[in-house]
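Colleague: for reference, the sequence and a predicted model appear below.
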Amino acid sequence: MTDVLLDGCLALCLPLLAWLVLRTESLSQAVVLFVAFGLLSALGWARLDAPDIALVEAAVGTGLTGALLMHTLSWTEETPPDVRARARRRPWALLATAALTLLLGWAVLALPADSPGLGPEVEARREDSGVKHPVTAVLLNFRGYDTLLEIAVLLVAALGARAVNPRSERASSDAAKDPLTGELFRMMTPALLLVAGYLVWVGDHGPGGAFQAGAILAGGGVVAILTSRMGTPRMSSLRVRWALLTGPLLFIGVGVAPLLSGRRLLELPEKLAGTLIFIVEMALTVTIAMVLLMFFPGTRPSRAGRGGER
Amino acid sequence: MTNTWLPLSVLLSSLLPGLIIFLLAEEQRRTRTLLNLLAAVTKLVLTGVMAWGVYQGRQYETRLTFFPKADLVLRADSFSLLFITLSAVLWFVTTIYAVGYLEGTDHRSRFFGFFSLCVASTMGIALAGNLLTFFLFYEMLTLSTYPLVIHRGTPEALRAGNVYLRYTLTGATLLLAGVALLYSLAGAVEFTERGALSAVAAHRTELIVAFVLLIGGLGVKTALVPLHGWLPVAMVAPAPVSALLHAVAVVKAGAFGITRIIYDVYGVYLVHDLGVMQPLAMVAAVTILYGSVRALQQGDLKKRLAYSTVSQVAYIVLGVSIFGTASTIGGLVHLVHQGVMKITLFFCAGNYAEELHVHRVSELRGVGRRMPLTTAAFTVGALGMIGIPPVAGFITKWYLGIGALEAHQPWLVVVLLTSSLLNAGYFLPIVYSAWFQAPREEWKPSPRRWEIGLLLLLPTVATAVLSLAAGLFAGAELSPLGWTRLLTEREFRP
Amino acid sequence: MSPLELLSAAFLLAGAAFCLAGTVGVLRFPDVYCRLHALTKVDNLGLGLVVAGLALQSASWATALKLFLVWLFVLISSAFTCQLIARAALRRGAVPSGGRREP
Amino acid sequence: MHELRTGLACFLLLNILAGMVRVIRGPTLTDRFIVAQLFGTTGVGVLVLLAADAGRDALRDVALVFALLAPVTVVAFVRFAVGNEANGASAASDEEPRP
Amino acid sequence: MTSVAALMVWPVILPLLGAVLALLVGRPGVRLVAGVASVATLMASSMLAWEVAHQGVLHQSIGGWGAPLGIEWRADGLAALMLLTIALVGPLISVHALDHFGDREDREFLPLWLFVWCALNALVLSADAFNLYVTLELTTLAAVALIAVRRDLPGLDAGLRYLLFALPGSLCYLLGIALLYGAHATLDVGTLAQRVQPGPVTWVAAGLVTVGLCLKTPLFPLHVWLPPTYTGAPTPVTALLSALISKGSFYVLLRLWLEVFAPVMDAQVGQLLGVLGAAAVLWGSALALNQTQLKRVVAYSSVAQIGYMFLVFPMATSGARAGAIYLVVSHAAAKASMFVAVGNIHQAVGITALGGVQGLAHRMPFTFLAMALGGISLIGIPPSGGFIAKWLLLNEAIGTRQWWWGLVLLVGSLMAAAYVFRILRGSFLPLPPGVTVRSIPLGNELAPLALALIALVLGLVPWFPLDLLAIGASR
Amino acid sequence: MNPWALYALSGVALFSVGLVGLFSHQHVVKRILASNITGSGVLLVLVALARRMSSGPPDPVPHALVLTGIVVSVSSTALGVALARRMARLQAEATHLPEHEPRSDGEGP
């Protein structure tokens, strides 16, 4: 009974909150609401027995994306004129939403109500994949090729983000003096490292993995960047490039190596699969953390001192 | 024994030089001229060899894979040789003329490059062995003549180019629709004597629609009324281009195409059976009269010649669209005769413009004294156009008249006579005033030995002689008339 | 129901009550600073009591440890973040209710 | 016990919903952000409650991550708020003037 | 067997590896690495195409897991042809880009282009609906980064515009795939094709997939982002977008529609797509005729050309499929050559208006020859790939007794002729006084010509691509 | 109603809200938010579909897909935001900066 109530509440709240996010006039409000929305969707994932996704949502969807959006607002207008004007005159929008929901809902409800999907197949082959956790098995072995391309997506995004905002604000002594954030950073760092390590390790047999761990690591870095303790990693630095690209290179190598012995792409030998996946995940954790850091191109300098850009 | 390389090499003999000429620098005048003449001579020789071979009954066919279900076919039959020989000879002459005419102007590499492409396309049209190949070269012709029309680069030339494109591309579109329709009915229709469509003769509606589309498309280039509007406008092009457009390449390609459609695609019996011949003949008749009347109104010499072309080319269409041997012979032979005569006239017009800067009919008074040879050539051409023996034009009209009577359509004789009267009406005054009236002011004497540069004079005289010869020796076996009789008899063999 | 379970339930309920109180506070208090105060109640006591209640039910020490770790992190971060938020609010010119803004 | 926990989770969720009123009413950005923090903590509470069910241990890790990364958003918010401070007018405009 | 299947790996892995290495080596070696990767990928693609031409359709299960669980690759004639097109057209554009961008963007352009190449090759080979989504997204994001790589306002604006239209497109596609997975528990396209049944799920999924991909391609009336994006992006990037990237989503649509949806959908839906395609042809051409900026003319022409491709859906025969793909390929070459030529003109005289071409035909003969040949292909006049494509489509229109599509083709051709010759004829005018023509590197002059020659050759030897296309065609 | 259906419907509603929002807003940040919401909707549908069997573990394949989907969505958000930020800066520079200020992208990454 309470289960249904909880599910019903969540399921109802999510679209409602989404609607609120989009109808508010102020951008900063929208972002705050969006963070709340991320939280609720994490609860949704939790209810749907998808802890892996809840973890990623917690790390990225709420934590980093929220920070990123908030960070972006420093540059853009608080309340753009068009938003205010358009927020009111939109009866058709509600209508369109309702119609679309009905149409799609019709299709969703026409789906078979109790399909196991590919669950049994995954279960049957899980032993061969080298890892115990089914999601990790799918992610890094059965559909490892998707993940390889996903890493490429991350690299492209990082490259693009750095290409358009190439500056990297260095540590400023001013900010470093702030005792509050300094202490926060000091206390966060070991915890973050610990949890990140734990998540990579746990990925083998339970929810967790490179992306979650990388996001956690990046969280610490983001705090450092936002408090001007650290500059955004630069593509021109060789060390940064190695940190960024070791993971992908290793992944490509692991993927291509089976070809040499007449196997197929990403056809990992059964005995080594677990180890290889673990190594790749370790390297990818660093890559992902680097990529996420690169999305934060330093703090916005106060507009009075804009000319210097530092 | 089929010879596979000769048709292709006839095509390449103008295509390759054209491409090379594009790469030549503007200053390399000698190389360019040499290349042009070499190519023209080569083509003449190749054509001669092929003509002789076809006369002896040899087969010439080049077949290249194009689509899975359609080949590119170049085949020399007697009809295509008629056109090829005409083109090769006139190209040779026109090249010499153009070298002289364009002496010292800009962009000659471009000009001669496209000129050669244009001839190559004409060769392709003549040699095309099926409808698809025909269409490909027909489009190529449009593209390669456009730069020639706008060659001068003046706003007026650009406007003319626009009009030209508008008409020809619309025509090409209609043609494409027709070709595609036939293709879906009968595949890539090969040109065969007495037609290739007898197997699908039951699809009457489709066949009629396709026929109308095809004739509509080809009618643009043939300048059948009301699709003739581009022709007078395109007169802004340099004289050799006008000569080429009006005498050989473009309008003839259209007329040639119409003939192909009627005789080698549909087959004359099928066309007759579909009942589309009579309407076509009527359109041709209207065009003949309309062109003549409009020519009468023109004060500009080249414009007058242009409208005269509108009317003269329609003779060809008229000839082939009357069911009967004689009229067909008349129409086909006019393909050659009109080409030779009209090119003479355009050369003359070019000579007048080049030497004396005379463009209008009224300014030609007494020009005969200053430029006697040119004016003589003009006179030959004009008399031929009117149809006065012994110039070639007489042969045409004679056969057409007989054909009209054979087909029990005496009204066409009236049309022919009226048109001849009108022809006389717009040509004779020019001839008269050129020879017998005093010039308004004395012409400046020629700085050279001849009345005009030899490069301009010789082609003019040569074509005039040819038009006379075609009329005088029409009875010879290898004269245009003789050749046409041969192939017409094959078409009408039951 | 065992005494342990009863105790656990009591903790949970108390935690929930604090959460409610915090929410009511955030809703009802007059200014930013007071609302911040209400927020800390949820962070410290609300979550703390819930964690304690759950720890009583937990099967293993590891689980209980993790639960307290969660609470600890929330405590630390709330200590800093509330301070940061308050400072930001002050800089943005929010005036405490019934008081004057410090120069 | 399960019922109690889910019930409490439900209750906490309703709390979050109630907090939504403050987000909408504001009046200042800081108020809204405070509510976001409240949501965060309440959400952690919900997660640990749900994690007590059999087979859902991983949710505690989720709660852990939530707790750990909460400061990141706050720092970003603060940078945003303070960053705007130098800008003067546009930042202050968000704050409600005291009556 | 394995060695042949291993061939499929390289067209995807080599550009990926090249991109990563190019990023790694940084400034000094990026051109070298990218050059080697390009040559290697070109060779790999050609070898794969050769193999397909001789052995027929190739399959590979990545990781050896097999269809429902793992990801399948499938290389049929169509895929081979696309690989070849990308491998020929893409590097030629990037040759032009090298000079267009300075040294700075070079380091960003080349890796990003290699990522695009990898993504497109992966997209072409993939037979897995979700993997297609990932490749689509990789393409999109790399494209966005490329559009904005110059960091100027128009480029950024164009990039955002593209992103914000492409994203919902991908998401629609993903929801469609989610529904299909929900109904049939497989992501493999081949298996899906066997399992789909008419019903609300299939209809809605097909609708979502179609709308999503049409947004990305884009099809009228979802094309509103295209002209500003194509205009704002750096010219070589516009060439990539128009020639290759937009074809990626069309390719997916064609595949899914013909292989999965067509058998279970009402014929009316195909007609609807055809109507939209026809509207795109007419609307795009009409707007192209009304533009005063060179780049916008070419951009609107893309709207129209994409419209032609959608005429395949109402006919849905193998001939129409061949025609649409032929158009995809020849448009890729022709449009790339036109955009690159426009870039050359801009570089030479700095004028973007239509009148800027005045008098340039003699100063930049190769560029204008390329423009002319490309334009001929756009119009569909022989000898050009565009003609073959339109011929095939026209024949199918007549053959399936849907003559009205033929009419659209013909009218569209005429309109195309109008806007193409509007550009070309100005070049014959004398050079206006006061305009200086900067000389541009020979490589830049030859790149568009080479592209245009591809379009020309496609029109001269159509039997080869058509034979290749027939391999593995479902119907 | 089954919980999965509830969530799936919720996901569908999110998708609609996001999609309509995406096309009815002008501001970049709003549209990025909207596209995120649209994405969440799709992912929610996927995860809900994975939970259709009332007993036993859920289907892991959609979970893996959703993880990939989230990464992709984060990447596109980040890229979009980066572009928006650069644009805002250029616009601000165009209006705030006097003529003689140097263009600020001299430095490479």
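Modeller: Ah, there it is.

Colleague: what about chain C, any weak spots by pLDDT?
Modeller: C:1, C:97-103 (pLDDT under 70).

Colleague: buried residues, the lengthiest helix in it. List them.
Modeller: Of all the segments of type helix in chain C, defined by DSSP state H, the longest one is helix C:61-91. Buried residues in helix C:61-91, counted by 16 or more other Cβ atoms under 10 Å in any protein chain shown: C:63-64, C:66-67, C:69-71, C:73-86, C:88-90. Placement of C-beta: from N, CA and C, glycine included.

Colleague: also near chain D: which of those residues, exactly?
Modeller: Among these, the residues within reach of chain D (Cβ under 8 Å from any Cβ of the partner chain) are C:63, C:66-67, C:69-70, C:73-74, C:77-78, C:80-82, C:84-85, C:88-89.

Colleague: quick one: which of the residues you listed is nearest to B:Ala284?
Modeller: Ranked by distance to B:Ala284 (Cβ to Cβ), these are led by C:Ala88 at 91.3 Å.

Colleague: backbone phi and psi for B:Thr105, please?
Modeller: Note on B:Thr105: its backbone torsions stand at phi -100, psi 170 [degrees, to the nearest 10].

Colleague: could you confirm whether the longest helix of chain C reaches chain A?
Modeller: Yes - contact of helix C:61-91 with chain A (Cβ under 8 Å from any Cβ) involves C:73, C:76-77, C:80, C:83-84, C:87.

Colleague: could you check how far E:Val4 is from chain F?
Modeller: 29 Å (Cβ to the nearest Cβ, to the nearest Å).

Colleague: that residue: what secondary structure?
Modeller: helix (DSSP: H, G, I helix; E, B strand; the rest coil).

Colleague: per-residue confidence at it?
Modeller: At E:Val4, the model reports a pLDDT of 72.

Colleague: next: B:Gly124.
Modeller: For B:Gly124, the predicted pLDDT is 92.

Colleague: one more: E:Phe339?
Modeller: E:Phe339 is given a pLDDT of 93.

Colleague: buried ones in the helix or strand hosting it?
Modeller: Using DSSP states H and E, E:Phe339 sits in helix E:318-349. Within helix E:318-349, the residues that qualify as buried are E:318-349, counting by 16+ other Cβ under 10 Å.

Colleague: repeat for stretch B:91-110
Modeller: B:91-102, B:107-110.

Colleague: what's the distance between the closest residue to B:Tyr167 other than its chain neighbours and B:Ser311?
Modeller: Across the structure, with Cβ to Cβ, 6 or more residues apart in numbering or on different chains as the measure, the residue nearest B:Tyr167 apart from its sequence neighbours is B:Trp230 (4.0 Å). From B:Trp230 across to B:Ser311, the span is 16 Å (Cβ to Cβ, to the nearest Å).

Colleague: for A:Phe251, see how far away B:Ala314 is.
Modeller: 76 Å.

Colleague: neighbour count: these two, which is higher?
Modeller: Counted by other Cβ atoms under 10 Å in any protein chain shown, B:Ala314 and A:Phe251 do not tie: B:Ala314 has more neighbours, with 34 against 26.

Colleague: tell me which element the closest residue in space to the more buried one that isn't next to it in sequence is part of?
Modeller: Using Cβ to Cβ, 6+ apart and skipping the chain neighbours, the partner closest in space to B:Ala314 is B:Thr287 (3.7 Å). If you go by DSSP H and E, B:Thr287 is part of helix B:277-297.

Colleague: dihedrals phi and psi, B:Arg360?
Modeller: phi -100, psi 150.

Colleague: spatially central residue for the chain, please.
Modeller: In the absence of a named chain, chain A is used. A:Val60 (3.6 Å; Cα atoms, centre = their mean).

Colleague: not quite, I wanted chain C
Modeller: Mean-position check on chain C, Cα atoms, centre = their mean. Result C:Asp43 at 1.8 Å.

Colleague: list the contacts of the closest residue to chain F within the stretch 151-300 of chain B.
Modeller: Using Cβ to the nearest Cβ, the closest approach of the stretch 151-300 of chain B to chain F is made by B:Thr173 at 38.2 Å. B:Thr173 is in contact with B:217, E:410, E:413-414, counting by Cβ atoms under 8 Å, 6 or more residues apart in numbering or on different chains.

Colleague: give me that answer again for 7 Å
Modeller: E:410, E:413-414 (Cβ atoms under 7 Å, 6 or more residues apart in numbering or on different chains).

Colleague: same thing with B:Ser87?
Modeller: B:119, B:122-123, B:126, B:248.

Colleague: on that earlier part again, does the residue nearest to the centre of chain A belong to a helix, a strand or coil?
Modeller: helix.

Colleague: so for it, what's the pLDDT?
Modeller: For A:Val60, the predicted pLDDT is 83.

Colleague: repeat that for A:Ile288.
Modeller: 93.

Colleague: now do B:Asp77
Modeller: 84.

Colleague: tally of neighbours for it?
Modeller: Neighbour tally, B:Asp77, other Cβ under 10 Å: 20.

Colleague: quick one, what contacts the nearest residue to it once chain neighbours are set aside?
Modeller: Counting by Cβ to Cβ, 6+ apart, B:Asp77 lies nearest to B:Val54, which is 7.0 Å off, once chain neighbours are set aside. Residues counted as contacts of B:Val54 (Cβ under 7 Å, 6+ apart) are B:60, B:76-78, B:81.

Colleague: now these in CSV, with secondary structure and distance to C:Val24?
Modeller: Listed next are the contacts of B:Val54 as CSV, based on DSSP: H, G, I helix; E, B strand; the rest coil; distance: Cβ to Cβ, whole Å:
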residue, secondary structure, distance to C:Val24
B:Tyr60, strand, 102
B:Ala76, strand, 101
B:Asp77, coil, 101
B:Ser78, helix, 106
B:Leu81, helix, 104
